[in-house]
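Engineer: Fold the following.
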Amino acid sequence: MPGPLRLAFLGCGFITRVHSRHLRTLRRDIVPYYASRDATRAEEYCRRFGGGGTYSEYAAAIDDPRIDAVVVAVPPRFHLDLTLQALRAGKHVLVEKPAYPAAEDYFTAMQARDRGTPYAVCHAHFFMSGLVARRLKQALGIPYVVTFHALGRVRLLHQPHDEFPPQRCILEQMVIDGADAVVAECPQDEMDLQHHYRTPASRMRMIPCGFDPDELQPVTRAEARVHLGLPAERPIVLQLGRMVPRKGVDTVIHALGVLERRYRLNPLLLIVGGESTTPDPVRTPEIGRLQRIAQDEGVAADVQFVGQRPRSELRYFYSASDVFVTMPWYEPFGITPVEAMACGVPVIGARVGGVQYSVEDGRTGFLVEARNADALARRLAHVFSDPSIPRLLGKRARRRAWERFTWEQVSRSLADLYAEVATAASLSRPALAQGTR
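Structural biologist: The predicted model follows:
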(Lines give C-alpha, C1' and ligand atoms only; values in the text may rest on other atoms or scores of the structure.)
Protein backbone atom coordinates (compact mmCIF):
# COMPACT_ATOMS: atom_id res chain seq x y z
CA MET A 1 0.00 0.00 0.00
CA PRO A 2 1.47 3.44 -0.98
CA GLY A 3 2.70 5.59 1.89
CA PRO A 4 1.84 9.23 2.58
CA LEU A 5 2.19 11.85 -0.14
CA ARG A 6 5.56 13.62 0.09
CA LEU A 7 4.86 17.24 -0.80
CA ALA A 8 7.62 19.83 -1.27
CA PHE A 9 6.87 23.52 -0.91
CA LEU A 10 9.04 25.63 -3.21
CA GLY A 11 9.26 28.84 -1.22
CA CYS A 12 8.67 29.51 2.46
CA GLY A 13 6.50 32.60 2.69
CA PHE A 14 2.98 33.50 3.78
CA ILE A 15 1.22 31.12 1.38
CA THR A 16 3.32 28.15 2.49
CA ARG A 17 2.59 29.01 6.12
CA VAL A 18 -1.19 29.05 5.44
CA HIS A 19 -1.09 25.72 3.58
CA SER A 20 1.08 24.12 6.25
CA ARG A 21 -1.36 25.04 9.00
CA HIS A 22 -4.22 23.40 7.09
CA LEU A 23 -2.13 20.32 6.30
CA ARG A 24 -1.68 19.56 9.99
CA THR A 25 -5.10 17.89 9.90
CA LEU A 26 -3.83 15.57 7.13
CA ARG A 27 -0.45 14.71 8.65
CA ARG A 28 -1.02 10.94 8.38
CA ASP A 29 -1.64 11.30 4.64
CA ILE A 30 0.76 14.11 3.66
CA VAL A 31 4.33 14.85 4.74
CA PRO A 32 5.49 18.40 3.89
CA TYR A 33 9.05 19.25 2.87
CA TYR A 34 10.39 22.79 2.58
CA ALA A 35 12.70 24.31 -0.04
CA SER A 36 14.01 27.85 0.29
CA ARG A 37 17.10 29.76 -0.68
CA ASP A 38 17.06 30.86 2.94
CA ALA A 39 18.04 27.58 4.62
CA THR A 40 17.25 28.95 8.08
CA ARG A 41 13.68 29.75 7.00
CA ALA A 42 13.20 26.24 5.55
CA GLU A 43 14.46 24.63 8.77
CA GLU A 44 12.16 26.87 10.87
CA TYR A 45 9.09 25.82 8.82
CA CYS A 46 10.11 22.17 9.00
CA ARG A 47 10.30 22.29 12.81
CA ARG A 48 7.15 24.36 13.18
CA PHE A 49 4.93 22.21 10.95
CA GLY A 50 6.42 18.76 11.46
CA GLY A 51 8.06 18.51 8.04
CA GLY A 52 10.03 15.61 6.64
CA GLY A 53 13.09 17.57 5.51
CA THR A 54 14.48 20.74 3.95
CA TYR A 55 16.32 21.88 0.80
CA SER A 56 18.41 24.99 0.19
CA GLU A 57 17.68 24.91 -3.56
CA TYR A 58 14.38 24.40 -5.39
CA ALA A 59 16.04 22.05 -7.88
CA ALA A 60 17.13 19.75 -5.06
CA ALA A 61 13.53 19.26 -3.96
CA ILE A 62 12.33 18.75 -7.53
CA ASP A 63 15.03 16.17 -8.27
CA ASP A 64 14.60 14.24 -5.01
CA PRO A 65 13.05 10.87 -6.01
CA ARG A 66 11.24 10.71 -2.68
CA ILE A 67 9.12 13.80 -3.52
CA ASP A 68 5.79 13.04 -5.18
CA ALA A 69 4.44 16.57 -5.72
CA VAL A 70 5.48 20.20 -5.38
CA VAL A 71 3.61 23.40 -4.52
CA VAL A 72 5.06 26.34 -6.43
CA ALA A 73 4.70 29.08 -3.80
CA VAL A 74 7.15 31.69 -5.09
CA PRO A 75 6.52 35.00 -6.94
CA PRO A 76 4.73 34.54 -10.30
CA ARG A 77 7.82 35.33 -12.40
CA PHE A 78 9.31 31.99 -11.27
CA HIS A 79 6.14 29.91 -11.79
CA LEU A 80 6.73 28.79 -15.36
CA ASP A 81 10.35 27.64 -15.04
CA LEU A 82 9.74 25.75 -11.81
CA THR A 83 6.54 24.18 -13.16
CA LEU A 84 8.36 22.94 -16.28
CA GLN A 85 11.25 21.60 -14.21
CA ALA A 86 8.88 19.73 -11.91
CA LEU A 87 6.84 18.27 -14.76
CA ARG A 88 9.98 17.06 -16.53
CA ALA A 89 10.97 15.39 -13.26
CA GLY A 90 7.61 13.58 -13.24
CA LYS A 91 6.13 15.50 -10.31
CA HIS A 92 2.54 16.55 -9.83
CA VAL A 93 2.49 20.36 -9.61
CA LEU A 94 0.19 22.70 -7.67
CA VAL A 95 0.77 26.36 -8.55
CA GLU A 96 0.09 29.00 -5.92
CA LYS A 97 -2.50 30.83 -8.08
CA PRO A 98 -5.23 30.56 -6.83
CA ALA A 99 -3.69 31.09 -3.42
CA TYR A 100 -5.61 28.41 -1.52
CA PRO A 101 -5.72 24.92 -3.06
CA ALA A 102 -8.39 22.75 -1.48
CA ALA A 103 -7.55 19.59 0.42
CA GLU A 104 -8.88 17.59 -2.55
CA ASP A 105 -6.04 18.97 -4.69
CA TYR A 106 -3.47 17.22 -2.52
CA PHE A 107 -5.29 13.91 -2.85
CA THR A 108 -5.42 14.44 -6.61
CA ALA A 109 -1.64 14.67 -6.46
CA MET A 110 -1.50 11.43 -4.50
CA GLN A 111 -3.72 9.66 -7.03
CA ALA A 112 -1.65 10.95 -9.95
CA ARG A 113 1.51 9.66 -8.28
CA ASP A 114 0.00 6.23 -7.70
CA ARG A 115 -1.35 5.95 -11.27
CA GLY A 116 1.86 7.13 -12.85
CA THR A 117 -0.09 8.33 -15.91
CA PRO A 118 0.68 11.51 -17.91
CA TYR A 119 -1.57 14.55 -17.80
CA ALA A 120 -4.38 14.61 -20.35
CA VAL A 121 -5.57 18.21 -19.84
CA CYS A 122 -4.45 21.33 -17.98
CA HIS A 123 -7.08 23.75 -16.58
CA ALA A 124 -5.77 27.25 -15.96
CA HIS A 125 -7.53 29.90 -13.89
CA PHE A 126 -6.85 33.60 -14.52
CA PHE A 127 -4.55 34.93 -17.22
CA MET A 128 -1.23 34.40 -15.39
CA SER A 129 -1.87 30.69 -14.95
CA GLY A 130 -3.12 30.71 -18.55
CA LEU A 131 0.35 31.81 -19.69
CA VAL A 132 1.85 28.82 -17.87
CA ALA A 133 -0.69 26.47 -19.50
CA ARG A 134 0.11 27.94 -22.92
CA ARG A 135 3.83 27.28 -22.45
CA LEU A 136 3.12 23.76 -21.16
CA LYS A 137 1.15 23.08 -24.33
CA GLN A 138 4.02 24.35 -26.45
CA ALA A 139 6.62 22.39 -24.50
CA LEU A 140 4.80 19.16 -23.67
CA GLY A 141 1.76 19.07 -25.98
CA ILE A 142 -0.75 19.11 -23.10
CA PRO A 143 -4.05 20.72 -24.22
CA TYR A 144 -5.52 23.35 -21.94
CA VAL A 145 -8.81 24.82 -20.78
CA VAL A 146 -8.93 28.32 -19.27
CA THR A 147 -11.35 30.18 -17.00
CA PHE A 148 -10.55 33.88 -16.54
CA HIS A 149 -12.93 34.87 -13.69
CA ALA A 150 -12.39 38.50 -14.78
CA LEU A 151 -11.43 40.05 -18.12
CA GLY A 152 -9.04 42.98 -18.46
CA ARG A 153 -10.92 44.77 -21.26
CA VAL A 154 -14.21 44.53 -19.37
CA ARG A 155 -12.62 45.70 -16.10
CA LEU A 156 -11.28 48.79 -17.90
CA LEU A 157 -14.80 49.72 -18.97
CA HIS A 158 -15.80 49.94 -15.31
CA GLN A 159 -12.44 50.80 -13.71
CA PRO A 160 -10.38 53.00 -16.07
CA HIS A 161 -7.60 53.22 -13.48
CA ASP A 162 -7.10 49.46 -13.15
CA GLU A 163 -4.10 48.26 -11.13
CA PHE A 164 -3.12 45.72 -13.79
CA PRO A 165 -0.68 46.75 -16.55
CA PRO A 166 -2.11 47.36 -20.05
CA GLN A 167 -0.26 44.27 -21.32
CA ARG A 168 -2.80 42.15 -19.47
CA CYS A 169 -5.31 42.39 -22.34
CA ILE A 170 -2.67 41.33 -24.89
CA LEU A 171 -1.69 38.35 -22.73
CA GLU A 172 -5.33 37.33 -22.28
CA GLN A 173 -5.78 37.33 -26.05
CA MET A 174 -2.69 35.11 -26.44
CA VAL A 175 -4.06 32.67 -23.87
CA ILE A 176 -7.48 32.57 -25.57
CA ASP A 177 -5.99 32.09 -29.04
CA GLY A 178 -3.97 29.09 -27.83
CA ALA A 179 -6.65 27.49 -25.65
CA ASP A 180 -8.43 24.29 -26.62
CA ALA A 181 -11.50 25.48 -24.70
CA VAL A 182 -12.53 28.62 -22.81
CA VAL A 183 -14.98 28.41 -19.92
CA ALA A 184 -17.47 31.27 -19.58
CA GLU A 185 -19.14 31.47 -16.18
CA CYS A 186 -22.40 33.09 -17.29
CA PRO A 187 -24.10 34.42 -20.45
CA GLN A 188 -22.60 37.90 -19.96
CA ASP A 189 -19.10 36.40 -19.67
CA GLU A 190 -19.79 34.47 -22.88
CA MET A 191 -20.83 37.66 -24.71
CA ASP A 192 -17.80 39.57 -23.38
CA LEU A 193 -15.41 36.85 -24.56
CA GLN A 194 -16.96 36.94 -28.02
CA HIS A 195 -17.22 40.71 -28.33
CA HIS A 196 -13.96 41.83 -26.74
CA TYR A 197 -11.70 38.86 -27.54
CA ARG A 198 -13.24 37.32 -30.69
CA THR A 199 -13.49 33.94 -28.95
CA PRO A 200 -15.13 31.39 -31.29
CA ALA A 201 -18.38 29.99 -29.92
CA SER A 202 -17.16 26.52 -30.93
CA ARG A 203 -14.37 26.73 -28.32
CA MET A 204 -16.50 28.12 -25.51
CA ARG A 205 -18.49 26.29 -22.85
CA MET A 206 -20.64 27.99 -20.23
CA ILE A 207 -20.03 26.43 -16.80
CA PRO A 208 -20.85 28.47 -13.67
CA CYS A 209 -19.13 28.48 -10.30
CA GLY A 210 -20.73 26.41 -7.57
CA PHE A 211 -21.20 25.85 -3.85
CA ASP A 212 -20.64 22.95 -1.48
CA PRO A 213 -23.99 21.70 -0.09
CA ASP A 214 -22.26 20.25 2.97
CA GLU A 215 -20.79 23.66 3.80
CA LEU A 216 -23.93 25.71 3.14
CA GLN A 217 -26.71 23.67 4.68
CA PRO A 218 -29.23 26.27 5.89
CA VAL A 219 -30.19 26.52 9.56
CA THR A 220 -33.36 28.05 10.96
CA ARG A 221 -33.42 31.82 11.26
CA ALA A 222 -33.98 31.57 15.02
CA GLU A 223 -30.99 29.24 15.48
CA ALA A 224 -28.75 31.41 13.28
CA ARG A 225 -29.63 34.59 15.18
CA VAL A 226 -29.05 33.00 18.56
CA HIS A 227 -25.69 31.67 17.31
CA LEU A 228 -24.64 35.15 16.14
CA GLY A 229 -26.21 37.10 19.01
CA LEU A 230 -28.56 39.02 16.71
CA PRO A 231 -32.04 40.39 17.57
CA ALA A 232 -34.74 37.78 17.14
CA GLU A 233 -37.39 39.84 15.35
CA ARG A 234 -35.74 42.82 13.69
CA PRO A 235 -35.58 42.66 9.86
CA ILE A 236 -32.00 42.04 8.70
CA VAL A 237 -30.36 42.89 5.38
CA LEU A 238 -27.05 41.14 4.67
CA GLN A 239 -24.16 42.39 2.53
CA LEU A 240 -21.21 39.97 2.45
CA GLY A 241 -18.08 40.00 0.33
CA ARG A 242 -14.90 41.90 -0.49
CA MET A 243 -14.68 45.48 0.75
CA VAL A 244 -13.74 47.36 -2.42
CA PRO A 245 -15.60 50.26 -4.12
CA ARG A 246 -16.74 48.27 -7.17
CA LYS A 247 -18.86 46.01 -4.93
CA GLY A 248 -21.27 48.93 -4.49
CA VAL A 249 -21.77 48.61 -0.73
CA ASP A 250 -22.17 52.40 -0.62
CA THR A 251 -25.34 52.03 -2.70
CA VAL A 252 -26.75 49.64 -0.07
CA ILE A 253 -26.08 52.17 2.72
CA HIS A 254 -27.64 54.99 0.70
CA ALA A 255 -30.67 52.75 0.12
CA LEU A 256 -30.94 52.16 3.87
CA GLY A 257 -31.20 55.92 4.34
CA VAL A 258 -33.93 56.13 1.69
CA LEU A 259 -35.74 53.19 3.30
CA GLU A 260 -35.85 54.94 6.68
CA ARG A 261 -36.80 58.42 5.38
CA ARG A 262 -39.32 57.44 2.71
CA TYR A 263 -40.75 54.13 3.94
CA ARG A 264 -40.27 54.47 7.72
CA LEU A 265 -38.46 51.12 7.85
CA ASN A 266 -35.26 50.60 9.80
CA PRO A 267 -33.83 47.10 9.24
CA LEU A 268 -30.40 46.19 10.54
CA LEU A 269 -27.75 46.10 7.80
CA LEU A 270 -24.97 43.56 8.45
CA ILE A 271 -21.79 44.14 6.44
CA VAL A 272 -19.47 41.13 6.56
CA GLY A 273 -15.98 41.34 5.07
CA GLY A 274 -12.64 43.09 5.30
CA GLU A 275 -9.01 42.32 5.97
CA SER A 276 -9.38 41.60 9.70
CA THR A 277 -11.81 39.92 12.08
CA THR A 278 -12.66 43.27 13.64
CA PRO A 279 -13.73 46.10 11.32
CA ASP A 280 -10.55 48.15 10.95
CA PRO A 281 -10.62 51.24 8.67
CA VAL A 282 -6.83 51.27 8.63
CA ARG A 283 -6.44 47.72 7.34
CA THR A 284 -9.56 48.04 5.15
CA PRO A 285 -9.86 51.68 3.95
CA GLU A 286 -13.18 50.92 2.25
CA ILE A 287 -14.73 50.29 5.68
CA GLY A 288 -13.73 53.80 6.75
CA ARG A 289 -15.32 55.29 3.64
CA LEU A 290 -18.53 53.31 4.21
CA GLN A 291 -18.68 54.31 7.88
CA ARG A 292 -18.55 57.97 6.84
CA ILE A 293 -21.37 57.41 4.33
CA ALA A 294 -23.51 55.74 7.02
CA GLN A 295 -22.86 58.72 9.30
CA ASP A 296 -23.83 61.18 6.57
CA GLU A 297 -27.02 59.21 5.80
CA GLY A 298 -27.98 59.19 9.48
CA VAL A 299 -28.05 55.37 9.62
CA ALA A 300 -24.79 54.64 11.46
CA ALA A 301 -26.70 53.05 14.35
CA ASP A 302 -28.43 50.68 11.92
CA VAL A 303 -25.27 49.50 10.13
CA GLN A 304 -23.17 46.82 11.80
CA PHE A 305 -19.72 46.18 10.35
CA VAL A 306 -18.79 42.62 11.30
CA GLY A 307 -15.33 42.19 9.79
CA GLN A 308 -13.93 39.05 8.21
CA ARG A 309 -15.46 35.71 9.18
CA PRO A 310 -14.39 32.09 8.45
CA ARG A 311 -16.34 30.13 5.86
CA SER A 312 -17.70 27.83 8.55
CA GLU A 313 -19.68 30.81 9.92
CA LEU A 314 -21.13 32.05 6.64
CA ARG A 315 -24.21 29.83 6.62
CA TYR A 316 -25.28 31.38 9.93
CA PHE A 317 -25.06 34.91 8.49
CA TYR A 318 -26.97 33.91 5.36
CA SER A 319 -29.63 32.04 7.34
CA ALA A 320 -30.05 34.86 9.87
CA SER A 321 -30.92 37.42 7.20
CA ASP A 322 -34.28 38.19 5.61
CA VAL A 323 -32.72 39.30 2.33
CA PHE A 324 -29.24 39.33 0.81
CA VAL A 325 -28.18 42.40 -1.18
CA THR A 326 -25.34 42.65 -3.72
CA MET A 327 -24.93 45.83 -5.80
CA PRO A 328 -21.62 45.68 -7.72
CA TRP A 329 -20.95 47.82 -10.78
CA TYR A 330 -19.15 44.89 -12.39
CA GLU A 331 -19.26 41.20 -11.41
CA PRO A 332 -17.96 38.44 -13.72
CA PHE A 333 -19.94 35.82 -11.79
CA GLY A 334 -20.42 36.52 -8.09
CA ILE A 335 -20.59 33.48 -5.82
CA THR A 336 -22.21 35.16 -2.78
CA PRO A 337 -25.70 35.42 -4.35
CA VAL A 338 -25.57 31.68 -5.09
CA GLU A 339 -24.48 30.93 -1.51
CA ALA A 340 -27.31 33.05 -0.11
CA MET A 341 -29.82 31.29 -2.37
CA ALA A 342 -28.45 27.90 -1.27
CA CYS A 343 -29.39 28.88 2.28
CA GLY A 344 -32.93 29.79 1.23
CA VAL A 345 -32.46 33.56 1.25
CA PRO A 346 -33.86 35.82 -1.51
CA VAL A 347 -31.40 38.13 -3.29
CA ILE A 348 -31.74 41.69 -4.51
CA GLY A 349 -28.88 42.31 -6.88
CA ALA A 350 -27.51 44.64 -9.52
CA ARG A 351 -28.43 43.83 -13.09
CA VAL A 352 -24.83 43.08 -14.08
CA GLY A 353 -22.64 40.12 -15.06
CA GLY A 354 -23.30 36.83 -13.35
CA VAL A 355 -25.73 38.29 -10.81
CA GLN A 356 -28.39 38.70 -13.52
CA TYR A 357 -27.89 35.02 -14.40
CA SER A 358 -28.01 33.48 -10.93
CA VAL A 359 -30.92 35.62 -9.69
CA GLU A 360 -34.27 35.12 -11.43
CA ASP A 361 -35.93 38.52 -11.36
CA GLY A 362 -39.30 38.29 -9.60
CA ARG A 363 -38.90 34.60 -8.71
CA THR A 364 -35.82 34.17 -6.50
CA GLY A 365 -35.34 37.86 -5.78
CA PHE A 366 -35.14 41.09 -7.74
CA LEU A 367 -32.71 42.83 -10.09
CA VAL A 368 -32.20 46.60 -10.08
CA GLU A 369 -29.81 48.92 -11.89
CA ALA A 370 -26.38 49.31 -10.32
CA ARG A 371 -25.79 52.50 -8.26
CA ASN A 372 -29.56 53.11 -7.99
CA ALA A 373 -30.27 53.47 -4.27
CA ASP A 374 -33.91 54.51 -4.83
CA ALA A 375 -34.71 51.36 -6.84
CA LEU A 376 -33.00 49.18 -4.24
CA ALA A 377 -34.92 50.84 -1.39
CA ARG A 378 -38.19 50.31 -3.28
CA ARG A 379 -37.51 46.59 -3.66
CA LEU A 380 -36.47 46.25 -0.02
CA ALA A 381 -39.68 47.95 1.08
CA HIS A 382 -41.65 45.50 -1.05
CA VAL A 383 -39.86 42.49 0.46
CA PHE A 384 -40.51 43.75 4.00
CA SER A 385 -44.16 44.63 3.29
CA ASP A 386 -45.37 41.03 3.75
CA PRO A 387 -43.52 38.17 5.54
CA SER A 388 -44.79 35.71 2.94
CA ILE A 389 -42.78 37.45 0.18
CA PRO A 390 -39.25 36.62 1.43
CA ARG A 391 -40.41 33.12 2.41
CA LEU A 392 -41.69 32.38 -1.11
CA LEU A 393 -38.71 33.97 -2.86
CA GLY A 394 -36.30 32.15 -0.53
CA LYS A 395 -37.92 28.78 -1.20
CA ARG A 396 -37.55 29.28 -4.94
CA ALA A 397 -34.01 30.58 -4.51
CA ARG A 398 -32.89 27.47 -2.66
CA ARG A 399 -34.43 25.21 -5.29
CA ARG A 400 -32.65 27.09 -8.10
CA ALA A 401 -29.28 26.98 -6.34
CA TRP A 402 -29.49 23.27 -5.60
CA GLU A 403 -30.71 22.43 -9.10
CA ARG A 404 -28.05 24.40 -10.99
CA PHE A 405 -25.05 25.42 -8.91
CA THR A 406 -23.77 22.56 -6.72
CA TRP A 407 -20.10 21.61 -7.15
CA GLU A 408 -21.19 18.12 -8.15
CA GLN A 409 -23.05 19.52 -11.17
CA VAL A 410 -20.22 21.90 -12.02
CA SER A 411 -17.60 19.15 -11.78
CA ARG A 412 -19.64 16.86 -14.04
CA SER A 413 -19.78 19.59 -16.68
CA LEU A 414 -16.04 20.18 -16.37
CA ALA A 415 -15.27 16.46 -16.56
CA ASP A 416 -17.29 16.23 -19.79
CA LEU A 417 -15.36 19.19 -21.22
CA TYR A 418 -11.99 17.69 -20.20
CA ALA A 419 -12.93 14.43 -21.91
CA GLU A 420 -13.85 16.26 -25.13
CA VAL A 421 -10.62 18.27 -25.12
CA ALA A 422 -8.45 15.26 -24.34
CA THR A 423 -10.11 13.15 -27.03
CA ALA A 424 -9.77 15.89 -29.66
CA ALA A 425 -6.11 16.38 -28.75
CA SER A 426 -5.33 12.65 -28.92
CA LEU A 427 -6.98 12.38 -32.36
CA SER A 428 -5.05 15.36 -33.72
CA ARG A 429 -1.61 14.22 -32.55
CA PRO A 430 -1.03 11.51 -35.20
CA ALA A 431 -2.03 13.94 -37.93
CA LEU A 432 0.26 16.61 -36.55
CA ALA A 433 3.12 14.16 -36.24
CA GLN A 434 2.60 12.93 -39.80
CA GLY A 435 2.54 16.49 -41.09
CA THR A 436 5.93 17.25 -39.56
CA ARG A 437 7.80 14.35 -41.17
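Engineer: I'd like to check which residues are in contact with Ala342.
Structural biologist: For Ala342, the contact set (CB atoms under 8 Å, 6 or more residues apart in numbering) comprises 211, 213, 216, 218, 318, 398, 401-402, 405. For the C-beta atoms, the positions are set from N, CA and C on the backbone; glycine is no exception.
Engineer: That one and Pro332, how far apart?
Structural biologist: Shown here: Ala342 relative to Pro332, a distance of 19 Å by CB to CB, to the nearest Å.
Engineer: measure stretch 61-74 end to end?
Structural biologist: End-to-end distance of stretch 61-74 (CA to CA, to the nearest Å): 14 Å.
Engineer: residues making contact with that stretch?
Structural biologist: With contacts defined as CB under 8 Å, 6+ apart, stretch 61-74 is touched by 5-13, 15-16, 19, 33, 35, 55, 58, 78-79, 82-83, 85-86, 89, 91-96, 101, 106, 109-110, 112-113.
Engineer: repeat that with 6 Å
Structural biologist: With contacts defined as CB atoms under 6 Å, 6 or more residues apart in numbering, stretch 61-74 is touched by 5-11, 15-16, 35, 55, 79, 82-83, 85-86, 89, 91-96, 109, 113.
Engineer: how about low-confidence regions in this structure?
Structural biologist: Applying pLDDT under 70 to the chain flags the ranges 1, 96-117, 429-437.
Engineer: how does it divide into domains?
Structural biologist: Following automatic domain parsing, one gets these domains for the chain: 1-117, 120-210+406-437, 221-403.
Engineer: Would you map the helices across the stretch 101-250 of the chain?
Structural biologist: Counting by DSSP state H, counting those that start in this stretch, the stretch 101-250 of the chain has helices at residues 103-115, 126-140, 152-158, 167-178, 187-197, 221-228, 249-263.
Engineer: I'd like the ones you listed laid out as TSV, including distance to Leu238 and mean neighbour count.
Structural biologist: As requested, the helices of the stretch 101-250 of the chain are exported to TSV (distance: least, CB to CB, whole Å; neighbours: other CB atoms under 10 Å):
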stretch	distance to Leu238	mean neighbour count
helix 103-115	28	15
helix 126-140	28	19
helix 152-158	24	17
helix 167-178	33	17
helix 187-197	24	18
helix 221-228	11	16
helix 249-263	10	21
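Engineer: Same list, those helices, but as TSV with distance to Gly273 please.
Structural biologist: As requested, these are exported to TSV (distance: least, CB to CB, whole Å):
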stretch	distance to Gly273
helix 103-115	24
helix 126-140	21
helix 152-158	20
helix 167-178	25
helix 187-197	23
helix 221-228	15
helix 249-263	8
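Engineer: Can you say which of the ones you listed is nearest to Ala39?
Structural biologist: Ranking these by their distance to Ala39 (criterion: CB to CB) puts helix 103-115 first, at 25.2 Å.
Engineer: coming back round to it: which of the domains of the chain has the highest mean neighbour count?
Structural biologist: Mean neighbour count (mean count of other CB atoms under 10 Å) peaks for domain 221-403 among these, with a mean of 19.
Engineer: How far does that one stretch from one end to the other?
Structural biologist: Note: domain 221-403 ends 23 Å apart using CA to CA.
Engineer: which residues does the residue nearest to the spatial centre of the chain contact?
Structural biologist: Closest residue to the average C-alpha location of the chain: Ile335 at 7.4 Å, with CA atoms, centre = their mean. Applying CB under 6 Å, 6+ apart to Ile335 gives the contacts Cys209.
Engineer: any idea how far it is from Val347?
Structural biologist: Distance from Ile335 to Val347, counting by CB to CB: 12 Å.
Engineer: Same check on Val368?
Structural biologist: 11 Å.
Engineer: Ok, Gln138 next?
Structural biologist: In this view, Gln138 and Val347 are 43 Å apart by CB to CB.
Engineer: cool, Lys395 as well?
Structural biologist: Lys395 is 13 Å from Val347, by CB to CB.
Engineer: got it, and Pro332?
Structural biologist: Distance of Pro332 to Val347, given as CB to CB: 17 Å.
Engineer: Okay, Val299 and Ile253: tell me how far apart.
Structural biologist: Relative to Ile253, Val299 is positioned 7 Å away (CB to CB).
Engineer: nope, Pro387 is what I meant
Structural biologist: Applying CB to CB to Pro387 and Ile253 gives a distance of 25 Å.
Engineer: Measure how far the strand or helix carrying Pro337 is from the centre of its chain, please.
Structural biologist: Taking DSSP states H and E as the definition, one finds Pro337 inside helix 335-342. Distance of helix 335-342 from its chain centroid, counting by CA atoms, centre = their mean, to the nearest Å, is 13 Å.
Engineer: same question, stretch 124-139
Structural biologist: With CA atoms, centre = their mean as the basis, stretch 124-139 stands 19 Å off its chain's centre.
Engineer: And stretch 276-290, by the same measure?
Structural biologist: The chain centroid and the centroid of stretch 276-290 are separated by 21 Å under CA atoms, centre = their mean.
Engineer: got the end-to-end distance for that stretch?
Structural biologist: With CA to CA, one end of stretch 276-290 sits 16 Å from the other.
Engineer: residues making contact with that stretch?
Structural biologist: With CB under 6 Å, 6+ apart as the criterion, stretch 276-290 contacts 243-244, 249, 274-275, 305, 307-308.
Engineer: repeat for stretch 152-160
Structural biologist: Identification of contacts with stretch 152-160 by CB under 6 Å, 6+ apart yields 162, 168-169, 172, 192, 196, 329-330.
Engineer: can you pull out the helices in the stretch 301-437 of the chain?
Structural biologist: Along the stretch 301-437 of the chain, counting by DSSP H, counting those that start in this stretch, helices occupy 311-320, 335-342, 355-358, 373-384, 388-404, 407-435.
Engineer: Relative to Phe126, which of those is closest?
Structural biologist: Minimum separation from Phe126 across those (CB to CB) falls at helix 335-342, 15.3 Å.
Engineer: Now do the closest one against helix 388-404, angle only.
Structural biologist: 110 degrees (axes from the mean of the first three to the mean of the last three CA atoms, to 10 degrees).
Engineer: between helix 335-342 and helix 311-320, how many degrees?
Structural biologist: Using the same axes, to 10 degrees: helix 335-342 against helix 311-320 is 60 degrees.
Engineer: What is the end-to-end distance of stretch 186-206?
Structural biologist: By CA to CA, the extent of stretch 186-206 from end to end equals 6 Å.
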